[in-house]
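Student: Any chance you could fold what I've pasted below:
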Amino acid sequence: MASLLNNELGKLFSPRRLKSPVEWAFDNCVLRDNVSELPGSLKVFPYAQHPLNDLIDPTISKITLCWGSQSSKTTTMYAGIGYLLSEFPKDTLWIMPSAENARNFSKGRWLPFIDDCKPLKDQCPLSAATGRVDSDKITNMRQEFLSCTLTFAGAGSENNVKSAPVAYLVLDEIDEIDPDIRLAALERIKGRREYKIIQTSTPKEETGGIWEEYLYGDQRRYFMPCPHCEEFIQFEWRQKDKDGNSRYSITFDEEAKFEDGGYDFDLVASTAAYVCPRCDQKILDAHKPTMIKNGEWRSQNPNAPANHRSYHLNSLYAPAMTFSALIINWLQVSSSMHGLRKFVQGNLAEPWKDDWANQEQADANELELDYERGDLRGEYRVMGVDTQTDSFWFVVRGFDRDGTSYLIDCGQVASFSELDLIYDQHKAHAAIIDCAGDRTSEIYEEVFRRRSKWFGSRGWKNLQGEQPYRLQMKDPFTGDTKGRGGRSKIRYLHVNKSIYEEELSRLRSRQLSGFHTFTDTPKVYYDQLFATYWTKETDRSGHIKVVKKLKRSKGDHLWDCEILARALSKFIGIARIDRGDMPTMFDERPPRKRDASTRSRSSTGFW
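Tutor: Presented below is the predicted three-dimensional model:
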C-alpha cells in the first residue's frame, strides 16, 4: 500500500513533459468536415511543423507566414494559437480585416474548434446555473478562459485594438488591415519581455504588407530533394534551366495548344508535370508527399533580426493542389489582367509588382500597324468618351473576338451631334461616356436618347470585392436605381479603373499583345496614353505607398477613353474566358457549337 501511494505521489509531483506544438495538435485538434477538406484529427503538413515549433523558441518573437491558398495557413493558425492558449496561457488579441470577418470566423470555425479540443474546452468557465460552458464569458468576440482571455477585433477603427496589454498578437490577412491600425495594435505588446507576433496574409502589393514583413525576416524557402537526381530544389512558377534560360516550371504536351490559341484542357490535365531544373526529369503529383516529407526550410537573408522568422510558400506545395489544376487555371486567366493578378497573389503568394506602370513613350510607334486612320478594323467597334466642361474627348477602337484591338479614330469635339457623326461614320456597335462632373444631368439625358447603344459610366479607384465593373439601371431624370422612378432607364457601368489601368499599362508597353494603333497616330494620343505613371512615396506615418501621378502639361483624357472602351468591351463579352466563343450582346450571328470544357481562346495571354 505504501509503495502504491508513493508511486501516485511521485506522478503527482513529477514534472510534466511538455509536448511539442506538433504533438499537441495531433493529440488534441480536430477539424470538422464543414471547415476542412481533411476532417478529423489535425494533420500538420511537414512544412508547417517548423513554424509551429517556433512558438516554443524563446528567441523568436515574430513569425510571418506569406503563404498561398490551400497551403494549410489557417490550419496552422488554429493549431498554433490553440497550443499557446492551452500550454502557455496569456492574454491574446486576434485582429482580422473587419469585425464581421472576425465574428463569422469565430462563430463558424474557432468556437467549434474549441468545443472539439479538450485542453481548450477545459479552460472554458462553467455556468453555476447550468453546469455548461458560460455563454456570457465565452462569446463570439471575447473568450474569457480560466487562465487568460482571447479577444477578436476588426481592424475598422483604432478603438477596436486599443485596450489592455497582451502577450500574443495575431494579425490575420494584414494586407487588408490599414497600416495605422497595425501600428496601434503593436502598442499592445510594448514593454513586454516575452511576446509573440504571428502575422499572415496573401500578399497584395510590394510595400506596406506581408511581403514587406517577409523581406524584413529571414526569408525562409522550402527545399526538397528531386525524386530523380536527389538535388534539393524549391517549387517555383518560373525557373532557369541548366543553360540559364528562363522557362515555365510546369510542362504539358505541345499538342494541347491549338493553332488559334485555344487549349485542349483534357490533354493539358493528363500530361501536366513539374520539370526539375537540375535534371529536366518530370515530377508528378504522386512525388510531392515524399518530397515534402523530406524537405527543409532554408533562410535566404543572413542579415535578418535574430527574433524574426519569415516563411514563403506558394500553392505548388499544397497537397490538395495538382500541377494540372494550377496550369489550367493559369491558362484560363492569363488573358485577363484581373485574373492574372488574383493568380499571382493567391496561388504564387507574390505581390503584384508595380514595374508595369511606368513605360516611356519613346517606342510608342511600335504599336502602329500598316492601316490608315478611319479604316474599319475589328469585328466590334466601341467608342469611349471622356466629358469635359466645354468639350468631349473620344476614341473609337475596334475589337476582334479574341481581344485584339485597333485604334480607329481619336480626338476632341465640342458637341454630342459631332459624337453622333463619328459613331455613325465608324459603324460603332456601342459607346460609353463618363457622366461624372458638372454636366451629369445633361449627359444622362443625351445617353437616354441613345439608350439602345450608349452606356453612362463612372470610374472608381476600386469596387467592392475588386469587381472589374458593376452595371446599374438608372433613371436619368431622378438618378434612382431602385425602380421607384420612371420606367425608362439607362445602362450605367461602374468601372474599376485600377484593374483596367494595369491592363492598359501592360498593353501600351507590349507586355500584353494585341493592342494596336494606326499609321502616323497623332502625337497628342501618345502624349495622353503615356501621361499616367506611378511612384513610391512615404506618408507621414512612414509607410511606403504607390501613388498615381500625371506628367506636367499632359492630359490623360484619351487614356480615360481607352479605359472606358476596354471595360465596355469586356462587359459585352470580348476576350472573356467565361464567355467562350460567345456571341456578344451586339452579335446577330448564332454561336458556333464547341466543347467549352476543353477549349478556350487565349491569344493575348502570357503563355
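Student: From Ala269, how far out is Asp370?
Tutor: Going from Asp370 to Ala269 by CB to CB, to the nearest Å gives 41 Å. C-beta coordinates here come from the backbone N, C-alpha and C atoms, glycine included.
Student: which of the two has more neighbours?
Tutor: Taking neighbours as other CB atoms under 10 Å, Asp370 and Ala269 compare with Ala269 leading, 17 against 6.
Student: Any stretches of the stretch 301-450 of the chain with poor pLDDT?
Tutor: For the stretch 301-450 of the chain, applying pLDDT under 70 flags the ranges 335, 337, 353-360.
Student: now the strands: where do they sit in it?
Tutor: Here the stretch 301-450 of the chain has its strands, by DSSP state E, counting those that start in this stretch, at 308-313, 380-387, 392-399, 405-413, 430-434.
Student: Determine the number of other residues adjacent to Asp266.
Tutor: Here the number of neighbours of Asp266 (other CB under 10 Å) works out to 15.
Student: Report the secondary structure state of it.
Tutor: In three-state terms, and counting by DSSP: H, G, I helix; E, B strand; the rest coil, Asp266 is helix.
Student: which non-adjacent residue is nearest Ala414?
Tutor: Ser391 (5.4 Å; CB to CB, 6 or more residues apart in numbering).
Student: what's around the one you found, how many residues?
Tutor: Residues near Ser391, counting by other CB under 10 Å, number 14.
Student: Relative to Val385, how far out is it?
Tutor: From Ser391 to Val385 the distance is 10 Å (CB to CB).
Student: What of Asp180?
Tutor: 39 Å.
Student: Which one of these two is surrounded by more residues?
Tutor: The neighbour comparison of Asp180 against Val385 (other CB under 10 Å) goes to Val385, with 26 against 14.
Student: Kindly provide the distance from that one to Lys549.
Tutor: Distance of Val385 to Lys549, computed by CB to CB: 24 Å.
Student: next one: Ala286
Tutor: Distance, Ala286 to Lys549, by CB to CB: 51 Å.
Student: More neighbours: which of the two?
Tutor: Between Ala286 and Lys549, Lys549 has the larger neighbour count (other CB under 10 Å), namely 12 against 8.
Student: so that one is in which element?
Tutor: For Lys549, the host element (DSSP states H and E) is strand 544-550.
Student: Just the angle for the very next helix or strand once past that strand relative to strand 392-399, thanks.
Tutor: As assigned by DSSP H and E, the chain's next helix or strand after strand 544-550 is helix 557-571. Relative orientation of helix 557-571 versus strand 392-399 (axes from the mean of the first three to the mean of the last three CA atoms, to 10 degrees): 40 degrees.
Student: Next, report how far helix 557-571 is displaced from the centre of its chain.
Tutor: In this view, helix 557-571 has its centroid 23 Å away from the chain centroid, taken as CA atoms, centre = their mean, to the nearest Å.
Student: try stretch 242-260
Tutor: 25 Å.
Student: Identify each buried residue in it, please.
Tutor: Across stretch 242-260, burial judged by 16 or more other CB atoms under 10 Å covers Tyr248, Ser249, Ile250, Thr251, Phe252, Ala256, Lys257.
Student: With secondary structure as extra columns, can I get these in a markdown table?
Tutor: Output for the buried residues of stretch 242-260, formatted as a markdown table (three-state DSSP):
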| residue | secondary structure |
| --- | --- |
| Tyr248 | strand |
| Ser249 | coil |
| Ile250 | strand |
| Thr251 | strand |
| Phe252 | coil |
| Ala256 | helix |
| Lys257 | strand |
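Student: which one among these gets closest to Asp115?
Tutor: Closest approach between the buried residues of stretch 242-260 and Asp115, by CB to CB: Ile250, at 41.1 Å.
Student: hey, what's that closest one bridged with?
Tutor: Tyr274 (DSSP bridges).
Student: I figured it hits Val275, correct?
Tutor: Yes - using CB atoms under 8 Å, Ile250 makes contact with Val275 at a distance of 7.5 Å.
Student: contacting residues for Asn496?
Tutor: Listed by CB atoms under 8 Å, 6 or more residues apart in numbering, the contact partners of Asn496 are Trp460, Asn462, Leu463, Glu466, Gln467, Pro468, Tyr469, Ala567.
Student: ah, wrong one, I meant Ile574
Tutor: Tyr380, Phe399, Asp400, Arg401, Gly403, Thr584.
Student: Also Leu85?
Tutor: By CB under 8 Å, 6+ apart, the contact set of Leu85 is Thr92, Leu120, Gln123, Phe145, Cys148, Leu150.
Student: now the residue nearest to the first one when sequence neighbours are not counted: how far from Phe232?
Tutor: So that's Thr92. Nearest non-adjacent residue to Thr92, counting by CB to CB, 6+ apart: Tyr168, 4.0 Å away. Noted for Tyr168: a distance of 34 Å to Phe232, by CB to CB.
Student: okay, these two: which has more neighbours?
Tutor: Counted by other CB under 10 Å, Tyr168 and Phe232 do not tie: Tyr168 has more neighbours, with 24 against 16.
Student: Quick check: phi and psi at the more buried one.
Tutor: The phi/psi pair for Tyr168 (degrees, to the nearest 10) reads phi -120, psi 130.
Student: partners of it in the sheet?
Tutor: Thr92, Lys196.
Student: which residues of the stretch 501-607 of the chain score low on pLDDT?
Tutor: For the stretch 501-607 of the chain (pLDDT under 70), the answer is 536, 538-546, 552-553, 575-607.
Student: now the strands for it?
Tutor: Assigned by DSSP E, counting those that start in this stretch, the stretch 501-607 of the chain shows strands spanning 515-516, 532-538, 544-550.
Student: again, but for the stretch 151-300 of the chain
Tutor: Assigned by DSSP E, counting those that start in this stretch, the strands in the stretch 151-300 of the chain fall at 168-172, 196-201, 220-225, 232-233, 238-240, 246-248, 250-251, 273-275, 282-283, 296-299.
Student: Next, format those as CSV and append mean pLDDT and distance to Met473.
Tutor: Output for the strands of the stretch 151-300 of the chain, formatted as CSV (pLDDT from 0 to 100; distance: least, CB to CB, whole Å):
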stretch, mean pLDDT, distance to Met473
strand 168-172, 94, 38
strand 196-201, 94, 37
strand 220-225, 98, 51
strand 232-233, 97, 54
strand 238-240, 88, 44
strand 246-248, 86, 44
strand 250-251, 96, 44
strand 273-275, 97, 48
strand 282-283, 97, 52
strand 296-299, 97, 54
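Student: And those strands: which comes nearest Ile56?
Tutor: Closest to Ile56 of the strands of the stretch 151-300 of the chain, according to CB to CB: strand 196-201, at 10.0 Å.
Student: Am I right that Ile114 is in a helix?
Tutor: Yes - assessed by three-state DSSP, Ile114 belongs to a helix.
Student: correct me, but it touches Lys121?
Tutor: Yes - counting by CB under 8 Å, Ile114 touches Lys121, with 6.0 Å between them.
Student: Name the residue in these two with the higher neighbour count.
Tutor: A count of neighbours by other CB under 10 Å puts Ile114 above the other of Ile114 and Lys121, at 21 against 16.
Student: how far out from the middle of the chain is stretch 459-474?
Tutor: In terms of CA atoms, centre = their mean, the centre of stretch 459-474 is found 17 Å from the chain centre.
Student: now what about it, what contacts it?
Tutor: Here stretch 459-474 has contacts from 338, 434, 436, 444, 456, 480-481, 489-500, 560, 563-564, 567, 570-571, using CB under 8 Å, 6+ apart.
Student: Ok, stretch 367-379 next?
Tutor: By CB under 8 Å, 6+ apart, stretch 367-379 touches 397-401, 404-406, 408-409, 425-427, 508, 510, 515-521.
Student: ChimeraX command to pick out the buried ones of the residues you listed?
Tutor: Selection command for ChimeraX covering only the buried members of the contacts of stretch 367-379, criterion 16+ other CB under 10 Å:
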select :397,398,399,400,401,404,405,406,408,409,426,508,515,516,517,518,521
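Student: tell me the centre residue of this protein?
Tutor: Closest to where the C-alpha atoms of the chain average out (CA atoms, centre = their mean) is Lys342, at 4.0 Å.
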